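Q: Please find the sequence and the predicted model below.
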Amino acid sequence: AQSVTQPDIHITVSEGASLELRCNYSYGATPYLFWYVQSPGQGLQLLLKYFSGDTLVQGIKGFEAEFKRSQSSFNLRKPSVHWSDAAEYFCAVGAYNTDKLIFGTGTRLQVFP
Amino acid sequence: NAGVTQTPKFRVLKTGQSMTLLCAQDMNHEYMYWYRQDPGMGLRLIHYSVGEGTTAKGEVPDGYNVSRLKKQNFLLGLESAAPSQTSVYFCASSLLAEPPYNEQFFGPGTRLTVL
């Protein structure tokens, strides 16, 4: 069965520190992958997406993610976190043969000054 | 260009009452989705639509009905609300289901409390 796992429920980092949020998927078909961010009380906003090609993708707000097929992972990274990055982050996966995306349970990021 | 809008933003219901949540998009998208978000459970798909006049069940469809009479609107109905339906509801739309047109655009959400 298709699934998306975000192993970290809650992560706390200091402002200026680097960040990596983990996402692992289980999918029979060739996946396409998304990272969304949700600020408190808001809807979800797309950070970046991977369909094909270069496995390192750049997104908005200085985020990047790397698709590693051998590890079934699509981890989100940022070299220096800002206080405004505090939010909940969702990984999602889909495929060419489905109408739907499957979302992970999310990782809540807290940033300390 | 408003994107995806949801009405209402907040609602409190008593058990057994009914209500309809409205989602509207002005991007001429074919696909529309209703999700619910609960703490620790991420987003779960309730129902979705692949075009005007069509709907399909998602992961958690029980207790909900939907209609897509117009391409730009997707309605979510609760016929007899239960406390278990207390949640934040999100609507989303995408142009198509195939990449690169399958990015889902989300509305701001509706916070529903059932007493």
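A: Perfect, thanks for sending it. Residues are numbered from 1 along each chain as shown, chains lettered A, B, ... in the order given.

Q: which ones are touching the closest residue to B:Asn1 other than its chain neighbours?
A: The shortest distance from B:Asn1 to any non-neighbouring residue, by Cβ to Cβ, 6 or more residues apart in numbering or on different chains, is to B:Asp26 (6.2 Å). In short, each C-beta sits where N, CA and C put it, glycine included. Counting by Cβ atoms under 8 Å, 6 or more residues apart in numbering or on different chains, B:Asp26 makes contact with B:1-3, B:72.

Q: tell me which of the residues you listed is nearest to chain A?
A: Distance to chain A across the contacts of B:Asp26 (Cβ to the nearest Cβ) is lowest for B:Gly3, with 9.3 Å.

Q: Any idea how many residues pack against the closest one?
A: Neighbour count of B:Gly3, defined by other Cβ atoms under 10 Å in any protein chain shown: 14.

Q: thinking again about what came up before, where does the residue nearest to B:Asn1 sit relative to chain A, distance-wise?
A: If you measure B:Asp26 against chain A using Cβ to the nearest Cβ, to the nearest Å, the figure is 15 Å.

Q: Mind checking which of the contacts of B:Asp26 are buried?
A: Buried members of the contacts of B:Asp26, scored by 16 or more other Cβ atoms under 10 Å in any protein chain shown: none.

Q: which one of these is nearest A:Arg22?
A: B:Gly3 (29.8 Å; Cβ to Cβ).

Q: Would you agree that closest one is in contact with B:Met27?
A: Yes: at 6.8 Å, B:Gly3 and B:Met27 qualify as touching, with contact defined as Cβ atoms under 8 Å.

Q: what residues do those two have in common as contacts?
A: B:Phe105.

Q: Identify the bridge partners of the residue nearest to B:Phe10 when sequence neighbours are not counted.
A: Closest residue to B:Phe10 apart from its sequence neighbours, by Cβ to Cβ, 6+ apart: B:Arg111 at 5.0 Å. Judged by DSSP bridges, the bridge partners of B:Arg111 are B:Phe10, B:Val88.

Q: Tell me the confidence at B:Arg111?
A: In this prediction, B:Arg111 carries a pLDDT score of 96.

Q: thinking it is in contact with B:Leu13, fair?
A: No: in this structure, B:Arg111 is not within contact of B:Leu13 by Cβ under 8 Å, at 11.6 Å.

Q: More neighbours: these two, which one.
A: A direct count of neighbours by other Cβ under 10 Å for B:Arg111 and B:Leu13 places B:Leu13 higher, at 19 against 15.

Q: Now for the more buried one: which residues touch it?
A: B:Leu13 makes contacts with B:19, B:78, B:81, B:112-115, as judged by Cβ under 8 Å, 6+ apart.

Q: gap between it and chain A?
A: B:Leu13 is 20 Å from chain A, by Cβ to the nearest Cβ.

Q: Just list the residues touching the closest residue to that residue other than its chain neighbours, thanks.
A: Closest residue to B:Leu13 apart from its sequence neighbours, by Cβ to Cβ, 6+ apart: B:Ala81 at 4.5 Å. Residues near B:Ala81 by Cβ under 8 Å, 6+ apart: B:13-19, B:112, B:114.
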